[in-house]
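Asks: got a sequence here, can you build the structure:
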Amino acid sequence: MSLRVQLTLLVVAALVAALLLSLFLFADERSLAIRAALGFEAAGRAANVARLIEEAPRDLHASILRAANSPLVRFELADIASVQHMDHSDGGLVEARIRTLLDDSFSRDIRVELHQIEGQLMPLPNLSPEMTDMHMAMMRGELTAVEMNLSIAIRGGQWLNVGTRFERPPIQWPLYSMLTFALSAAVLLVVVIWFVMARLTGPLRRLARAADSLGRGEDVAELLVAGPSEVRDLTRAFNRMQDRLTRFVGDRTRMLAALGHDLRSPLTALRVRAEMVDDEETRDSLVASLQEMQGMVDATLTFARGLTGSERPETIKLHDFLSVLRADIPGGFDLGAGPDTKARLRPNAIRRALRNLIENANRYGGGASVGWQRVGDTVVLTVDDNGPGIPEDEAEKVFDPFYRLEASRSLETGGHGLGLSIARTIIQAHGGDITLRNRETGGLRAIVTIPLAGETPDERRER
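Replies: Predicted structure coming up:
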């Protein structure tokens with residue numbers, strides 16, 4: 001998953017989480033506010049009814065209670081208090097409000113009881129059918145409530161018992177709030193995707209492409225320093241690394257080339273002097289040694305050229321490339337079937353690497369068989385022979401420069417020991433590698449893994 005997609009999902013998730021949290025807090029605050037308002041309203045009505053009963057004649061008490069009753073609040077005058085135990089879960093706010101309205105400080109006995117009613121509830125039984133339907137529709141069929149009971153001592157020894165219920169309002173999804181959230185999220189995502197993402201992921205993509213090209217040995221122009229400060233620092237570090245690597249490889253190649261050039265003159269002079277030796281056996285021995293030294297110098301220069309990336313990469317069809325190579329190699333090789341795969345390679349360098357592997361297979365293994373397949377973003381070539389194979393502990397050593405399994409040091413049987421080193425150097429310059437493995441059926445297999453790369457912008461325009 002790309003960084004752009006991950007950051008976009010993160011922003012969306014953060015917005016949704018913030019919305020849900022705000023809705024939860026808003027719903028809770030709204031519920032508390034509504035319940036507090038209903039509680040204070042019921043407390044105010046209870047205080048007023050208590051005052052009326054105390055001031056009115058006894059024969060009007062029943063009329064006052066009938067007038068005060070409502071579908072949500074019930075009043076009753078009794079000799080016993082319905083609330084036996086005080087409940088201060090509301091912090092004493094309801095009791096304090098009633099005392100304030102009755103101008104009573106601490107002498108009157110006022111009892112308050114609050115408790116949560118769990119489970120689904122039907123509306124109060126004294127509601128009319130119409131109000132019951134409206135109430136159920138408003139509360140969406142689920143009535144979780146807090147019930148409040150009051151007992152207020154009345155002069156004369158009686159108690160005013162009050163009962164009411166406050167339903168918790170359901171969570172509401174206001175249309176305007178949702179539209180506001182959607183618009184805010186859309187604007188934020190546009191800003192994040194088209195500005196922040198472009199400034200962040202654009203330089204990172206260019207850096208990734210440049211690093212991949214550099215790993216393949218291609219020439220990479222200095223990257224433009226852009227983006228956030230961390231990305232700019234990373235780009236500068238990459239530019240410095242590329243400059244150091246280029247100078248290091250260039251200095252090494254020039255040193256080897258100069259060494260090879262300087263050695264040719266004394267070798268030529270020694271060859272002339274060797275030809276002047278009268279003893280034929282001594283002369284032939286000297287000439288053979290000088291020829292071996294000249295061959296080693298030429299092989300060293302070939303190895304040094306394999307370290308450079310001066311050849312421009314091209315996109316080639318692998319089957320056509322291997323078919324041409326088979327025609328160029330004396331004795332050829334068996335070419336197996338493989339997928340129609342294109343690869344971006346430096347053709348001359350890859351041809352030199354594969355030629356070394358195939359010629360080794362023909363020379364030491366009695367023939368070569370080449371196949372290939374695509375594995376993910378890589379192409380895997382195999383070069384098989386029918387020889388005796390090699391010891392397992394020698395599978396890596398044979399890639400060292402001038403290392404030979406053949407101990408006679410004869411050029412006819414062992415070469416200079418640079419063929420595999422040159423081949424691995426070229427393949428590694430393409431971002432791949434070579435490994436050797438003995439086959440279970442006999443013989444040796446060279447496995448060449450090369451990463452695939454897409455077309456360049458110039459090639460896409462040309463196509």
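Asks: got a pLDDT number for Leu318?
Replies: Note for Leu318: predicted pLDDT of 91.
Asks: mind listing what the nearest residue to it once chain neighbours are set aside touches?
Replies: Leaving aside its chain neighbours, Leu318 sits nearest to Thr341 (4.8 Å; criterion: CB to CB, 6 or more residues apart in numbering). C-betas here are computed from N, CA, C, even on glycine. Going by CB atoms under 8 Å, 6 or more residues apart in numbering, Thr341 touches 317-319, 372, 374, 379, 452.
Asks: okay, now the unreliable bits of the stretch 101-250 of the chain?
Replies: For the stretch 101-250 of the chain, applying pLDDT under 70 flags the ranges 105-106, 117-145, 166-177, 196-197, 216-218.
Asks: tell me the helices in it, going along the chain?
Replies: With DSSP state H, counting those that start in this stretch as the criterion, the stretch 101-250 of the chain has helices at 129-139, 175-191, 197-215, 229-275.
Asks: test my guess that Gly44 contacts Leu101.
Replies: Yes - applying CB atoms under 8 Å, one finds Gly44 in contact with Leu101, separated by 6.2 Å.
Asks: in a markdown table: the helices of the stretch 101-250 of the chain, plus distance to Val112 and mean neighbour count.
Replies: Listed next are these as a markdown table, based on distance: least, CB to CB, whole Å; neighbours: other CB atoms under 10 Å:
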| stretch | distance to Val112 | mean neighbour count |
| --- | --- | --- |
| helix 129-139 | 25 | 13 |
| helix 175-191 | 36 | 12 |
| helix 197-215 | 58 | 16 |
| helix 229-275 | 61 | 13 |
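Asks: could I get those as JSON lines with distance to Leu60?
Replies: Listed next are the helices of the stretch 101-250 of the chain as JSON lines, based on distance: least, CB to CB, whole Å:
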{"stretch": "helix 129-139", "distance to Leu60": "28"}
{"stretch": "helix 175-191", "distance to Leu60": "50"}
{"stretch": "helix 197-215", "distance to Leu60": "77"}
{"stretch": "helix 229-275", "distance to Leu60": "83"}
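Asks: these: which one's closest to Val5?
Replies: Val5 lies closest, by CB to CB, to one member of these: helix 197-215, at 9.6 Å.
Asks: what's that closest one packed up against?
Replies: helix 3-55, helix 229-275 (3 or more CB pairs under 8 Å, 6 or more residues apart in numbering; DSSP states H and E).
Asks: now the nearest residue to Glu222 once chain neighbours are set aside: how far from Arg355?
Replies: Nearest residue to Glu222 in three dimensions, chain neighbours excluded: Asn239, at 5.2 Å (CB to CB, 6+ apart). Distance of Asn239 to Arg355, given as CB to CB, to the nearest Å: 36 Å.
Asks: what do you get for Ala42?
Replies: According to CB to CB, Ala42 and Arg355 sit 99 Å apart.
Asks: more neighbours, the two?
Replies: Ala42 (23 against 16; other CB atoms under 10 Å).
Asks: how far away is that one from Pro388?
Replies: Ala42 sits 102 Å away from Pro388, going by CB to CB.
Asks: so if we follow the domain assignment, how does this structure break up?
Replies: Domain ranges of the chain: 3-167, 311-462, per automatic domain parsing.
Asks: would TSV of those with distance to Arg247 be doable?
Replies: As requested, the domains of the chain are exported to TSV (distance: least, CB to CB, whole Å):
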stretch	distance to Arg247
domain 3-167	32
domain 311-462	17
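Asks: any idea which of those is most buried?
Replies: Among the domains of the chain, the stretch with the highest mean neighbour count (mean count of other CB atoms under 10 Å) is domain 311-462, at a mean of 16.
Asks: rewinding a little: so for Ser22, which of the helices of the stretch 101-250 of the chain sits nearest?
Replies: So among the helices of the stretch 101-250 of the chain, helix 175-191 is nearest, using CB to CB, at 8.9 Å.
Asks: how big is the angle separating the closest one from helix 197-215?
Replies: 30 degrees (axes from the mean of the first three to the mean of the last three CA atoms, to 10 degrees).
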